[in-house]
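dropping a prediction and its sequence here:
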Amino acid sequence: MASLHDATRGQLLFGGDYNPEQWPREVWEDDVRLMREAGVNLATVGVFSWALLEPKPGEYDFGWLDEVLDLLHAGGIGVALATPTASAPPWMHHRWPETSPQDKDRTVRTYGSRNAYCPSSAVYRRHADAICAALAERYAHHPALRIWHIGNEFGTVCYCDGCAEAFRTWLKARYTDLDGLNEAWGTRFWSQHYGDWTEVIPPRKVQYVINPMQDQDYRRFASDLLLEGFKTERDIVSARNRAIPVTTNFMGFFKDTDSWSWAPEEDFASVDSYPDPNDPLGACWGAFSQDLTRSLGKATRGGGWIMMEQSTGGVGWRQVSTPKPPGMFRLWSLQALARGADGLLQFQWRASKQGAERTHSAMIPHAGPDSRVFREVCELGKDLLGMHEVAGTEVAAEVAIVMDWDAWRAVELDHQPHSGFKYVDRLYEYYTALWQANITCDFVAPEADLSGYRLVLAPSLYQLSDEAGRNLERHVEAGGTLVVGPFSGVTDPDERIRLGGYPASLRELLGIRIEEYWPLVDGLELRVGSAELGAFTASTWAEWFDLASTTARVVARIEDGVLAGHPAVTVNTFGEGSAWYVATLPDAEALGRVLRRAAAEAGVAPVLPDLPEGVEAVRRGDRVFVLDHRTREVEIRAA
Amino acid sequence: MASLHDATRGQLLFGGDYNPEQWPREVWEDDVRLMREAGVNLATVGVFSWALLEPKPGEYDFGWLDEVLDLLHAGGIGVALATPTASAPPWMHHRWPETSPQDKDRTVRTYGSRNAYCPSSAVYRRHADAICAALAERYAHHPALRIWHIGNEFGTVCYCDGCAEAFRTWLKARYTDLDGLNEAWGTRFWSQHYGDWTEVIPPRKVQYVINPMQDQDYRRFASDLLLEGFKTERDIVSARNRAIPVTTNFMGFFKDTDSWSWAPEEDFASVDSYPDPNDPLGACWGAFSQDLTRSLGKATRGGGWIMMEQSTGGVGWRQVSTPKPPGMFRLWSLQALARGADGLLQFQWRASKQGAERTHSAMIPHAGPDSRVFREVCELGKDLLGMHEVAGTEVAAEVAIVMDWDAWRAVELDHQPHSGFKYVDRLYEYYTALWQANITCDFVAPEADLSGYRLVLAPSLYQLSDEAGRNLERHVEAGGTLVVGPFSGVTDPDERIRLGGYPASLRELLGIRIEEYWPLVDGLELRVGSAELGAFTASTWAEWFDLASTTARVVARIEDGVLAGHPAVTVNTFGEGSAWYVATLPDAEALGRVLRRAAAEAGVAPVLPDLPEGVEAVRRGDRVFVLDHRTREVEIRAA
Amino acid sequence: MASLHDATRGQLLFGGDYNPEQWPREVWEDDVRLMREAGVNLATVGVFSWALLEPKPGEYDFGWLDEVLDLLHAGGIGVALATPTASAPPWMHHRWPETSPQDKDRTVRTYGSRNAYCPSSAVYRRHADAICAALAERYAHHPALRIWHIGNEFGTVCYCDGCAEAFRTWLKARYTDLDGLNEAWGTRFWSQHYGDWTEVIPPRKVQYVINPMQDQDYRRFASDLLLEGFKTERDIVSARNRAIPVTTNFMGFFKDTDSWSWAPEEDFASVDSYPDPNDPLGACWGAFSQDLTRSLGKATRGGGWIMMEQSTGGVGWRQVSTPKPPGMFRLWSLQALARGADGLLQFQWRASKQGAERTHSAMIPHAGPDSRVFREVCELGKDLLGMHEVAGTEVAAEVAIVMDWDAWRAVELDHQPHSGFKYVDRLYEYYTALWQANITCDFVAPEADLSGYRLVLAPSLYQLSDEAGRNLERHVEAGGTLVVGPFSGVTDPDERIRLGGYPASLRELLGIRIEEYWPLVDGLELRVGSAELGAFTASTWAEWFDLASTTARVVARIEDGVLAGHPAVTVNTFGEGSAWYVATLPDAEALGRVLRRAAAEAGVAPVLPDLPEGVEAVRRGDRVFVLDHRTREVEIRAA
């Protein structure tokens, strides 16, 4: 089985999406020359080329692609070759309208954009498989080939009758019989009992709020259905040459595909990441996405990850798409290296002059090579020359944040106590506190092996399996530290609320019993007192609860309002370790104090101590990357 | 004919929606035991049970319901038995897709939620009638049966071709011939003249603004169509046992069903009421809805009302669903008693652990009986034991607020002068001023007998029939006091503007003639001067008008802006009484002054004088309920 | 060929839309009497009369219209007779559902409103042509007839299959073959290559962002398709009497119809204009729309323009539709005269008492003739009696603003760098600065003859043809002054970005080379320093660029942020003239300084110097209109 190393061959990958079909033949030579000038060693080709590779059903035209691959190879540039299946040609949707996806209201999303196909369509599948096979047949042994890039940004969800049929098949596998489905979906309420499998449909447009498990199961199914497509294409291309590793580009915290289930099907992970240059915490957001991808990389068959897409500047899809100021592209690129990337690819090599992404920045901007942007690209290429030994090395983390797509989907179902309570916000608050403290962390699935971590954070792990609950218990029993955030452990994987006092599956571990969740209206801030942590304010969420174990103690207590006297933060001694519970959203500064305290107790230290604000430090292999996100001079002493 | 007394038998009803089918058999025994512990004497059963009662078309399964009713009866608990027709089983919508409602754009609202059926569908009707008949046949003489609860929260509106056909039938009854419709709808404008009945359709999605009478008539029709369904089911169940009173749960100020036309078809009224615990005026909003329901109760065949649904805490559908703080559930419950309720039922008995309403609070919360919430439920149950003699007694009111669904719908049609001018806001402003003054009021339909009232308020009675106009005149002529709010008396029931100076049908009564309505942009406040009332500010709305009668005088006058010098408040002597006109929205404090002045002149006194702010007093029978909505100690002296 | 003079016969037209069919016969006599009292000499008739003129397909009823025209003629009132085709009768849409337009999601906008027909429908076209022919046959020589008014506010866009077919025909004409389309649309990206014409469809609802040229071409097509309808009807009515001039009512800055292509097909221009009385700059907005219409008038076959619709007070469609305060109707009417109108028509003569526009103000309000509004109408009628010699005279302008529908549509396509960057805002900012300086300007198309203008402004002329670029160059070469706004000259008419440094087609003229566009987040203000202009702040947009010519110099420079040191304003000497570039949005005051400086250098003076703020002066013929938009006394001295 191939690995990322088969692609890197020990070198950091540098390059980007290359769409030569947008340009006349004479530009191609220039491209290769400029790629070499910039130190580019990998180009991603073919992502959106289906319509040109197969201009009419069954009629392939690979001539131009032969030429592109040969040219690149002659220039010493490797290729990540994409199966072009994310975007089918107009002829498919025109001849077989059922290959276009339907919305919840059954209206159709037709062609004229991208990534719009019905993933359950047999017609789509047949044509997609055929082009994958033809592509693999032709290029699986091309000397330029380094990576198979399957599809692009998988994420299309469709609600058509074909998907309904596939959904029923998926449900039968999950629940065996209709009784199982009726029980799991709670159909005894609201007269939703199904008497026959044919009655079961996707969560389409309804009068009022949809059945929550119907909703959640459809999200699971939709992710699995797309994953089936990925695996089908992977197998087709891998069958021709098992030495070429396979990946697809994740989108970080993207709700519609459960990356924990995808990662084990890939040879290595990759990600498209576009933090906002206007965001003062843009670097933190970038690190957040990179650390998730590194963690997913660990779950792949071969390990490792690359940045499959980032931008040299602005993107087209933001409300305000400001370019990156001088230096930011280099800084954020080095950050990705620091956090484990073995490759830095940009979307895209040469800025399009036409089409929907004509305003997306590129390595060669519209202004051409004589430009600040291209000069910065070349400088980064030069930087990388001195850093190739970083490739393949590991980033160590003693802290893990539990991240779960089921919890995410479930906590954001309709009719939760606070509809503004968003899962990724909760993760990001905890992550930000660690990032600012220069404490490196991984992300883990709830049932993952936690033995390598001293400190585990579970911010708002709303839906929780029995096994995951026991997993957390084992971590603490064995001496680990755990910090659980609010509204955790509430439901089981079928979105059944666990009864008898929340959070039933974590009650013993945390030494508490919660009677009521108490969301707070916007603008309301509660005073919280704590001898250990100092006073702080809490907002958005609180809970009506008390200790339920003699081993637990209150660390912080609400001081005003209806909940005055109730705990805000508790800690329980459990086995050899300790389990914190943070029942509210402390202000950012206070959350930092909580997590630094827990880290210190767990024996977790920052990468470098006492760094000035805005300086990021990450240890990768035997290097420490120190990145200053402000414009100034600072003196840093090695730890 | 049965009455509420047949249900209460002189006891206050206490209990809630009970959905035992969501729980295993062993929980049922526990439920009955805990109900007895809590003082529960009524359980509403079967609201959402259709799919379990008729798992396949025509195959009924009443076994479990037999058991439930027997168990409840054995425990001394009465039953409000629901026709389960609000939510049809999946098999109906699956087999007969035309039973699912269509939106204005003709897309379908399918199953997977609740309350979604096409109310004109013959297939739906046939199956609904059959299950009602079967249910009645089986349980009409069950000893536990106290109330028939028809459907649930009627309110579904559909725009399908079947409804179009039913609409045409309704229109033929209203207008006799097409000329009548063309004239009433003003189709001579915008080329909308209908040449054939088949051309007439619902107000579906259009290019620009819809014909206003087509819109308003469809709303009337939709309410009537649902009412037909109600009556059909009522007649089916009543036919089996005329001693059981019939109701359906209203939703207070709910635009889609004209409760004045529904009430006379019920034996007594009931309401679902969910004021927001986060709203500082939540108690006022609750009273508002309760007083409307009490007034509707008077219009029923037997009189009286109960609280059919309220919550012990939070609900799922709010943006932020905060629980009720300790004491609030009891306080708001006693308020409903004070305002005439003969029953206090909660949605629901036991908090669901699954389904769309799993986050809605309940009498037994997820935490179980060992909880603050269940203890408060039991305390309230105990409170009620000492108050049964209240059942059936009356709440006296000398003030009436005119409330009209036609006026509501019409004043909120598209293209009114101020699209933020909302009917219920106008009612609520007037109501709040009275509530804060502890003056009890009823609501009345515009053509209702006003002879029992000293003071009548008509806030923004935009659409007005001739008969209603004469009704108001008769009230004043006979010595009553009237306060009319802005933008009243503008159109006739066919939404024809009455010409010659607004408000044509009230001009003589008010002694004024308005030339132009003058909405004010947000944020603009006009200074108003008044020797009698003191200065105040006015916003949102003003009018260009002057007195038109020597018997009228200006009470307050606008002092700045374009309208400077024009009246803001006038009063006219008419017959033996006086008629006030408030042509703007005074600030809340000033509106209180206006209405207290009018009340004083009409000889209307508060229930208790000089109460501290936040203390509510209501006289029911020979009791005065005094409710303090703040946390403190106050001393109240009996009047 | 007929001209506006054939309609005016040297008199200013005064009147409005007259819909007598809404009123009983007896009102008509009264109408004519009151029209005469008000000085009305023109009534627009028949705009929405199709359903009454043809109550059943093919059965015409012209009797009532005969009577109306005869009555008006007897009263000395001329008629603008409308083809009633904007709003087809219910029978058409009922019998032929394909005549109703479809939205992007293929749902239908049905009848019940107005202006909803599929403009490509052959059925619609056949019936529309027939009624036009019948109308023309009957009235083309009626002595009251002064103007043919074709349709009403053309603007309906449909996405049905019939329109798709018509779109393909239009595209074949534009691109000859599919290669041309593929090349222009950039279909080599995102797998959008078309292999067969039948695959090409409108920009319907898609998964993600639509192909930009597909979008823009559809907008061009939709405008052209409507224009075809206009021309068809024009030719039908003109064929019967070539002495009657033809127009249709534009809507000012209305994106969906490219008025530069429409104007040459009309005999004169007309406009519907509804500035907001609540807008402190409402008069400026009115002038903006009037100056555009005057400029369009110059492009018509006969020249000239009239105000086809304005209001005496409020309109129904605003969020808050406040009436015009006393005097404002007269003031704004005289403004239109000052800016070249030969007629002042109102929508509508008599306020409707029914229908969707019942709340729109009128010349006779609901209150009747005894009203402030009607008195003001009569006063204006009297004013006009003394001003008839103004008719047909010209408004001189030495300044032109380049206005382009293609640039508008293109700069507002999806995925631009700043999605809040709106074309008309940019035009209006430049216009406002001139209006406040009392400098009169025309609007011109980018390729129009500029030889009559000293100063040309091109605010954000994003999309630019080669020819238009050369046109601007010629203007400056010949000694003219040019001011170009930000984000100009970026793309060609196929929305291809011109490469090598923006703005490729204006680089030489402006003496600059831009590397990157730099949108600014909301709230960010940059300091800009300038010795010549004084310091100012800039927001929303800036650019990373430098001079690229020795003849250019920096006038203002950014002083803070990432762009510090880069120019904000430059000027280049080119040929005999000078070309300014304003690369940002200066605050309003500063933009005024820039434009006044450019005007002064170009030798352009205000109509009157040193006017108090809020006083507007316009020269028409040998008159100077001086309009004070504030309430006060001012002394103005003739220049």
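Alright, I've got the coordinates. Numbering: from 1, shown residues only, chains lettered A, B, ... in the order given.

so which residues on the stretch 1-150 of chain A come close to chain B?
Neighbours of chain B within the stretch 1-150 of chain A, by CB under 8 Å from any CB of the partner chain: A:105-107. Where you see a C-beta, it was placed from the backbone N, CA and C, and this is true even at glycine.

gap between A:Asp342 and chain C?
Going from A:Asp342 to chain C by CB to the nearest CB, to the nearest Å gives 28 Å.

kindly confirm my reading that that residue is in a strand.
Yes - A:Asp342: assigned to a strand according to DSSP: H, G, I helix; E, B strand; the rest coil.

got the contact list for it?
Shown in contact with A:Asp342 (CB atoms under 8 Å, 6 or more residues apart in numbering or on different chains): A:4, A:8, A:12-13, A:304-306, A:391-392.

so, low pLDDT: which residues of chain A?
A:638-639 (pLDDT under 70).

go again with 80.
Applying pLDDT under 80 to chain A flags residues A:1, A:637-639.

return the nearest residue of it with respect to chain B.
At 2.7 Å from chain B, A:Gly186 is the closest residue in chain A, using CB to the nearest CB.

didn't that residue look like it was pressed against B:Ser352?
Yes - shown here, A:Gly186 and B:Ser352 form a contact pair, counting by CB atoms under 8 Å, at 7.2 Å.

list residues touching both of those two?
Common neighbours of A:Gly186 and B:Ser352 (CB under 8 Å, 6+ apart) are B:22, B:358.

quick one, what contacts the nearest residue to A:Gln207 once chain neighbours are set aside?
The shortest distance from A:Gln207 to any non-neighbouring residue, by CB to CB, 6 or more residues apart in numbering or on different chains, is to B:Ala116 (3.6 Å). By CB under 8 Å, 6+ apart, the contact set of B:Ala116 is A:206-208, B:87, B:93, B:100-101, B:109-110, B:156.

A:Leu461 contacts A:Asp404, doesn't it?
Yes - using CB under 8 Å, A:Leu461 is in contact with A:Asp404, at 6.3 Å.

neighbour count winner among the two?
Just comparing A:Leu461 and A:Asp404: by other CB atoms under 10 Å in any protein chain shown the higher neighbour count belongs to A:Leu461, 31 against 27.

could you say which helix or strand holds that one?
Under the criterion of DSSP states H and E, A:Leu461 resides outside all helices and strands.

tell me how far it lies from A:Ser261.
Relative to A:Ser261, A:Leu461 is positioned 17 Å away (CB to CB, to the nearest Å).

quick one, helices of the stretch 301-450 of chain A?
For the stretch 301-450 of chain A, applying DSSP state H, counting those that start in this stretch gives helices covering A:328-338, A:372-385, A:405-411, A:423-436.

just those: most buried one?
Comparing those by mean neighbour count (mean count of other CB atoms under 10 Å in any protein chain shown), helix A:405-411 comes out on top with a mean of 24.

if you count contacts, what does that helix end up packed against?
Counting contacts by 3 or more CB pairs under 8 Å, 6 or more residues apart in numbering or on different chains; DSSP states H and E, helix A:405-411 packs against helix A:212-240, helix A:423-436.

out of the ones you listed, the one nearest chain C is which?
Closest approach to chain C among these (CB to the nearest CB): helix A:212-240, 13.6 Å.

is chain C within reach of the closest one?
No - applying CB under 8 Å from any CB, one finds that helix A:212-240 is not in contact with chain C, the shortest distance being 13.6 Å.

contact partners of the following helix or strand past that helix?
Per DSSP H and E, helix A:212-240 leads on to strand A:246-247 as the next helix or strand towards the C-terminus. Strand A:246-247 has contacts (CB under 8 Å, 6+ apart) with A:2, A:147-150, A:234, A:237-238, A:266-270, A:300, A:306, A:308.

can we see that at 6 Å?
A:148, A:234, A:266-268, A:270 (CB atoms under 6 Å, 6 or more residues apart in numbering or on different chains).

closest to B:Glu26 out of the residues you listed?
Taking CB to CB as the measure, B:Glu26 sits nearest to A:Glu266 out of the contacts of strand A:246-247, at 47.8 Å.

please name the residues that touch the closest one.
Residues A:247, A:300 are the ones in contact with A:Glu266 under the rule CB under 6 Å, 6+ apart.

how about a cut-off of 10 Å?
Contact analysis of A:Glu266 by CB atoms under 10 Å, 6 or more residues apart in numbering or on different chains lists A:4, A:148, A:150, A:230-231, A:234, A:245-248, A:250, A:259, A:296-297, A:299-302, A:305.

before we move on, what about A:Leu145?
A:Leu145 is in contact with A:7, A:45, A:69, A:73, A:78-81, A:136, A:139, A:237, A:241, A:243-244, counting by CB under 10 Å, 6+ apart.

ok, and the most crowded of those residues?
Of all these, the highest neighbour tally under other CB under 10 Å goes to A:Ala80, namely 31 neighbours.

by proximity to chain C, which residue of chain A wins?
A:Gln354 (2.7 Å).

okay, now the closest residue in space to that residue that isn't next to it in sequence: neighbour count?
Nearest residue to A:Gln354, sequence neighbours excluded (CB to CB, 6+ apart): C:Gly186, at 2.7 Å. Residues within reach of C:Gly186, counting by other CB under 10 Å, total 25.

might one say that C:Gly186 is in contact with C:Pro212?
Yes - at 8.1 Å, C:Gly186 and C:Pro212 qualify as touching, with contact defined as CB atoms under 10 Å.

now the common contact residues for the two.
The contact sets of C:Gly186 and C:Pro212 overlap at A:354-358, C:494-495 (CB under 10 Å, 6+ apart).

let me know the closest of those residues to A:Glu601.
A:Glu601 lies nearest to A:Glu357 out of the shared contacts of C:Gly186 and C:Pro212, by CB to CB, at 48.7 Å.

quick one: contacts for that closest one?
A:Glu357 sits next to A:17, A:19, A:48, A:114, A:315-317, A:347-348, A:351, C:186, C:189-190, C:209, C:212, C:415 when contact means CB under 10 Å, 6+ apart.

how near is it to A:Ala51?
Distance, A:Glu357 to A:Ala51, by CB to CB: 16 Å.

swap in A:Thr573?
63 Å.

same question for A:Gly112.
On the measure of CB to CB, A:Gly112 and A:Ala51 end up 12 Å apart.

what about the strands in the stretch 501-639 of chain A?
Assigned by DSSP state E, counting those that start in this stretch, the strands in the stretch 501-639 of chain A fall at A:512-519, A:525-529, A:536-539, A:541-547, A:552-558, A:567-574, A:577-582, A:585-586, A:615-620, A:623-628.

can you list the strands that the shortest one pairs with?
Same thing as strand A:585-586. Sheet pairing of strand A:585-586 (DSSP bridges) gives strand A:536-539 (antiparallel).

would you mark the buried spots in the partner strand?
By 16 or more other CB atoms under 10 Å in any protein chain shown, the buried positions in strand A:536-539 come out as A:536, A:538-539.

who touches it?
A:486, A:520-530, A:556, A:558, A:561, A:563, A:568-569, A:582-591, A:593-594.

surely A:Asp276 is in contact with A:Trp317?
No - taking CB under 10 Å as the definition, A:Asp276 is not a contact partner of A:Trp317, at 11.0 Å.
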